[in-house]
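1. Requesting a structural model of the entry that follows:
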Amino acid sequence: MTEPERLALLEQQAEKAYDEMYEAHSPSHTAACYSDVKEALYAAIALARALGEFDTAKRLDDRLAHIKAVFRSQFT
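-> Numbering: from 1, shown residues only. Model prediction:
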């Protein structure tokens with residue numbers, strides 16, 4: 001797998017975990033999904049920066065900020 005493919009996969013994993021947050025049936029499952037989102041996005045942001053894809057890193061960082069805000073307002 002190339003680094004750009006890995007970056008795309010990490011973003012896909014984050015979005016899947018975000019979707020699963022809404023389908024979680026318990027607070028602990030919701031928190032686990034949120035943790036998965038953050039882990040995948042942090043890794044994707046770091047990889048994007050390492051690849052010199054600073055616009056992508058910024059977009060992913062903005063997405064992470066949005067998801068954090070959603071979690072705090074809807075799930076806590």
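
2. Tally up the residues packed near A17, please.
-> 20 (other Cβ atoms under 10 Å). The C-beta positions use only the backbone N, C-alpha and C, and glycine is treated the same way.

3. distance of it from L47?
-> Distance from A17 to L47, counting by Cβ to Cβ, to the nearest Å: 17 Å.

4. Need the contact partners of the helix or strand harbouring A46.
-> Here A46 sits within helix 27-50, counting by DSSP states H and E. Outside helix 27-50, the residues that touch it by Cβ atoms under 8 Å, 6 or more residues apart in numbering are 3, 6-7, 10-11, 13-14, 17-18, 20-21, 24, 54, 56-57, 60-61, 63-64, 67-68, 71, 75.

5. Give me the helices and strands touching the next helix or strand after it, please.
-> The first helix or strand that comes after helix 27-50 along the chain, using DSSP H and E, is helix 54-74. Helices and strands touching helix 54-74, by 3 or more Cβ pairs under 8 Å, 6 or more residues apart in numbering; DSSP states H and E, are helix 3-23, helix 27-50.

6. what about the closest residue to L7 other than its chain neighbours, neighbour count?
-> Excluding the flanking residues, the one nearest L7 by Cβ to Cβ, 6 or more residues apart in numbering is L47, at 5.1 Å. For L47, the number of neighbouring residues by other Cβ under 10 Å comes to 19.

7. Now do L47 against V70, distance only.
-> In terms of Cβ to Cβ, L47 sits 23 Å off from V70.

8. Please apply the same query to G52.
-> 29 Å.

9. Compare those two (neighbour count), which wins?
-> Neighbour tally, G52 and V70, criterion other Cβ under 10 Å: the higher count belongs to V70, 15 against 9.
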